[in-house]
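Colleague: Build me a model:
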Amino acid sequence: MNGSSRALTGSDREKTMFGNKDIPVYLFCGFLESGKTTCIREIIEEGNFADGKRSLLILTEQGEEELDEMLLRAHKIDVITVEDEDEFTETVCIHNQRKYRSDRVIIEVNGMWNLDSIYNKVLPENWVVVQCFTTVNAQTFDMYVNNMKSMMMPQFQLSDMVIFNRCNSEMNKPSMRRAVKGINRMAQVLFESEDGTVENNIEEELPYDINASNITLEDDDFGLWYIDVTENPEKYEGKTITFKGQVYRSQNFPGGTFVPARAAMTCCADDIQKIGFLCHAEGAEQLAIDSWVNVSVKVKPEFNPGYQQMYPVLWADKVEPAEPPEEEVVYFS
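Modeller: From the prediction side, this is the model:
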């Protein structure tokens, strides 16, 4: 894989965010045979950990691939294996980090383990996750999504980068990409073919004319538009977008704003959440919460410090009462 596509942005965070007591952590998630070990090896070979600092690599399963001992030694990487989830504890983490005097930690996470528990119960307080990768075997992706979606979704939700490997030309890459973006719109998604070439600019076939100055979204189009405008807000700048949404407002919102939202199901019925963008509108405070409205808005990208990128903000030309859509829940597949 092209190293420049998969550079460790967390290494920059190491330089600027951490004091002497903080330990930067790199997580590599994915199910067995998804390519985690190969990804770690290639990142090491590309020199991402060649700064002279000591690293502790924690393996939580035995896969097909093994890391070369000479490679690990050359990069000052010590390795421990914890194969039982119950034995992967905060005490074990602290003990081994002190034993090997590690400056950073790399964890190859067993895909069957509870990732939320690792974040909230296992990692010591001063271990800070600076980057999370998830590798996916594209050839078995549909099987895992259909049978183990609830275990796969947390991996997507927490990842900075998702790498689909072993791809071929017959696969529906836009659909795979939407599966990730519906969970985590800020994640970078890469597709690696069997010959090692990498794609990261997968064109989505939009159900509306992106070149039109006035775009009316059908109720089923909202999910695709939501993902596309998040990633490419400049494409929609100055255009009038008309769609149906449900009024959502918080006391923390600025005056004269609301969100014309839709309910989105990213995993299962228990995982439904509201999605949408802040919209400036005259009389926003008078709109009844949870009522349905048709809005015609202009998209104006603004820099969002939290996401460190341009982000869509809506300005309403018109807000009118509407009937609920036939299907109130948005899907991304």
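
Colleague: ok, for residue 262, nearest residue in space, not its chain neighbours?
Modeller: Take residue 262 and drop its neighbours on the chain: the residue closest to it by Cβ to Cβ, 6 or more residues apart in numbering is residue 330, 4.6 Å away. Any C-beta I mention is one placed from the backbone N, CA and C, and that applies to glycine too.

Colleague: just residue 81 next, same as before
Modeller: residue 59 (4.6 Å).

Colleague: got the contact list for the one you found?
Modeller: 79, 80, 81, 82, 108 (Cβ atoms under 8 Å, 6 or more residues apart in numbering).

Colleague: Beta-bridge partners for it, please?
Modeller: residue 81, residue 108 (DSSP bridges).

Colleague: any idea how far it is from residue 28?
Modeller: Note on residue 59: its distance to residue 28, by Cβ to Cβ, to the nearest Å, is 10 Å.

Colleague: which neighbours do these two share?
Modeller: Listed as contacting both residue 59 and residue 28 by Cβ under 8 Å, 6+ apart are residue 108.

Colleague: who's in contact with residue 307?
Modeller: Per Cβ under 8 Å, 6+ apart, neighbours of residue 307: residue 186.

Colleague: Distance check, it against residue 156.
Modeller: Residue 307 is 17 Å from residue 156, by Cβ to Cβ.

Colleague: just residue 221 next, same as before
Modeller: Distance, residue 221 to residue 156, by Cβ to Cβ: 22 Å.

Colleague: how long is stretch 100-118 end to end?
Modeller: For stretch 100-118, the first-to-last residue distance is 21 Å (Cα to Cα, to the nearest Å).

Colleague: now swap in stretch 314-332 and tell me
Modeller: 22 Å.

Colleague: which of the residues in that stretch are buried?
Modeller: Neighbour-count burial for stretch 314-332, counted by 16 or more other Cβ atoms under 10 Å, picks out 314, 316, 319, 322, 325, 330, 332.

Colleague: contacting residues around residue 235?
Modeller: 210, 228, 229.

Colleague: so where do the strands sit in the stretch 151-300 of the chain?
Modeller: Secondary structure of the stretch 151-300 of the chain (DSSP state E, counting those that start in this stretch): strands located at 161-167, 188-193, 198-199, 214-216, 240-248, 257-265, 272-275, 279-280, 292-304.

Colleague: Which elements pack onto the fifth one?
Modeller: Here strand 240-248 is seen to pack against strand 214-216, helix 222-231, strand 257-265, strand 292-304 when contacts are counted using 3 or more Cβ pairs under 8 Å, 6 or more residues apart in numbering; DSSP states H and E.

Colleague: Tell me which of the ones you listed approaches residue 162 most closely.
Modeller: helix 222-231 (13.9 Å; Cβ to Cβ).

Colleague: which helices and strands does that closest one pack with?
Modeller: By 3+ Cβ pairs under 8 Å, 6+ apart, helix 222-231 packs against helix 173-181, strand 240-248, strand 257-265, strand 309-321, strand 329-330.

Colleague: can you give me how far the first one is from the chain middle?
Modeller: The chain centre lies 11 Å from the centre of helix 173-181; the measure is Cα atoms, centre = their mean, to the nearest Å.

Colleague: how much space between residue 27 and residue 75?
Modeller: Distance from residue 27 to residue 75, by Cβ to Cβ: 18 Å.

Colleague: what about these two, which has more around it?
Modeller: Neighbour count, other Cβ atoms under 10 Å: between residue 27 and residue 75, residue 27 has more, with 26 against 19.
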